[in-house]
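In: sequence isn't available, so here's the structure alone:
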């Protein structure tokens, strides 16, 4: 399991790349179980009302979450690159410059 964590605007977002032999979450729309690498992460966007509060750059905004859209990949590099792009895109959707987002890739602690 590979964790991909983005930090920017005083908040964080973490998603997971499930590797060959690990079982990604099963739900409607999940990719083919045969994909060697599966990326799963929340997607969100800013809304005027409703949603959930989130503090970005010291200011509270409201965000709504979309159902996770898992994606399958043939290689680890493809999965990690897509994960980096996804994380930066989510921050851009709430007004954080993607260039200002720090992305960290690490193996999950098996504990």
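Out: Here it is on my side, so go on. Everything quoted here is computed from the prediction, not taken from an experiment. Numbering: from 1, shown residues only.
In: just how off-centre is stretch 79-86 within its chain?
Out: Chain-centre distance of stretch 79-86: 8 Å, with Cα atoms, centre = their mean, to the nearest Å.
In: what comes up buried for it?
Out: Using 16 or more other Cβ atoms under 10 Å as the burial criterion, the residues of stretch 79-86 that qualify are 79-80, 82-84, 86. For the C-beta atoms, the positions are set from N, CA and C on the backbone; glycine is no exception.
In: and which of those residues is nearest to residue 97?
Out: The closest of those to residue 97 turns out to be residue 84 (Cβ to Cβ; 15.1 Å).
In: buried residues, stretch 58-70. List them.
Out: Counting neighbours by 16+ other Cβ under 10 Å, stretch 58-70 gives 61, 63, 68, 70 as buried.
In: the chain: strands as residue ranges?
Out: 2-8, 11-18, 37-40, 43-47, 52-56, 59-66, 71-73, 102-107 (DSSP state E).
In: direction included, what does the fourth one pair against?
Out: Spelled out, that is strand 43-47. strand 59-66 (antiparallel) (DSSP bridges).
In: return the distance of the partner strand from the chain's centre.
Out: Relative to the chain's own centre, strand 59-66 is displaced by 15 Å; criterion: Cα atoms, centre = their mean.
In: what about the buried residues of stretch 79-86, which are in helices?
Out: 79-80, 82-84, 86 (DSSP state H).
In: out of those, who's nearest residue 13?
Out: Out of those, the member with the shortest distance to residue 13 (by Cβ to Cβ) is residue 86, at 9.0 Å.
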